[in-house]
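> sequence and predicted model, in that order:
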Amino acid sequence: MNKLLAALSISVLLLVGTVSHSKAFILNGDFSSGLTGWTIINNVTETSGEAILNDSNGITALYQGAALAAGNYTIEFDFLNQMSSSSLVHPFTFFDTFFASLYYINDINTFNLTTLTFDGEAALFDMDHTGNFNVNGTITASSKGGSWEHFSTSFVNNFNYAIPTFELFEINFANGDSSLNIDNVEIAANVAPIPEPSTLLLTAGGIIGFTYLRRRLKA
């Protein structure tokens with residue numbers, strides 16, 4: 001009986017031990033510590049635990065490098081569209097536009113957004129005042145309520161770093177009329193679920209039954 005219990009204990013431990021847990025790889029993704037951990041270009045501010053990209057001459061950007069092993073991950077975040085509907089009044093009209101992207105690089109010290117120095121890129125989605133387009137993932141209503149939305153997608157990483165990047169392009173030549181709020185940025189590893197207690201009990205019961213039957217047949 002003691003041997004049976006020992007074998008059962010080891011089996012259960014193996015079931016639990018082979019499952020790894022997800023891990024958050026983004027520092028200060030909820031902006032509770034201001035913009036700590038993030039790199040900004042031009043006019044990015046933090047208010048009430050939200051990062052706000054405000055349009056300025058050229059590009060306003062917010063990004064952070066996440067050190068990742070090769071594998072499967074999920075990125076998600078909340079966002080609030082406050083893009084302007086104003087555009088130049090001539091045959092070529094343009095609206096301020098937002099781009100959410102994942103950049104990849106092996107040496108984080110060489111990453112440069114302004115010179116487009118990176119090893120790989122994956123577009124997440126684009127957005128102007130009319131809404132989202134070129135979406136590579138899922139956009140749903142955010143738990144933050146109001147007009148907030150939530151983006152989520154899975155990706156495969158083969159580099160040392162993945163860099164979630166948010167860029168607001170001021171191209172209607174009217175500074176200060178567009179903004180974009182970002183919150184709850186997370187990257188987590190996709191892992192197998194840990195068996196529920198009921199599943200473990202069923203497995204344990206099966207092990208006990210099989211062991212008992214084998215011993216009875218030998219008797």
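Okay, I see it.

> shaky segments in the protein?
Counting by pLDDT under 70, the ranges of the chain that qualify are 1-23, 88-93, 192-219.

> next one: phi and psi at the residue nearest the centre of it?
Compute the mean C-alpha point of the chain, and by Cα atoms, centre = their mean the closest residue is residue 75, 1.7 Å away. Backbone torsions of residue 75, given as degrees, to the nearest 10, read phi -120, psi 140.

> surely it meets residue 100?
No. Using Cβ atoms under 8 Å as the test, residue 75 is too far from residue 100 to be in contact (9.3 Å). Where C-beta positions appear, they are placed from N, C-alpha and C, glycine not excepted.

> all strands of this protein, in order?
39-41, 44-47, 50-54, 58-63, 66-67, 71-82, 97-105, 120-128, 131-133, 138-141, 149-157, 161-170, 179-189 (DSSP state E).

> in TSV, list those strands along with distance to residue 114.
TSV is the format used below for the strands of the chain (distance: least, Cβ to Cβ, whole Å):
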stretch	distance to residue 114
strand 39-41	7
strand 44-47	15
strand 50-54	16
strand 58-63	8
strand 66-67	20
strand 71-82	23
strand 97-105	12
strand 120-128	15
strand 131-133	25
strand 138-141	28
strand 149-157	24
strand 161-170	11
strand 179-189	19
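
> for residue 33, which of the ones you listed is the nearest?
For the strands of the chain, proximity to residue 33 was assessed by Cβ to Cβ; strand 44-47 is nearest, at 8.9 Å.

> tell me what the closest one is packed against?
Using 3 or more Cβ pairs under 8 Å, 6 or more residues apart in numbering; DSSP states H and E, the elements in contact with strand 44-47 are strand 50-54, strand 58-63.

> deepest of those strands, which one?
Of all the helices and strands packed on strand 44-47, strand 50-54 has the most neighbours on average by mean count of other Cβ atoms under 10 Å, namely a mean of 22.

> bridging residues for residue 132?
residue 127 (DSSP bridges).

> touching, it and residue 125? I think so.
Yes. With contact defined as Cβ under 8 Å, residue 132 counts as touching residue 125 (5.2 Å).
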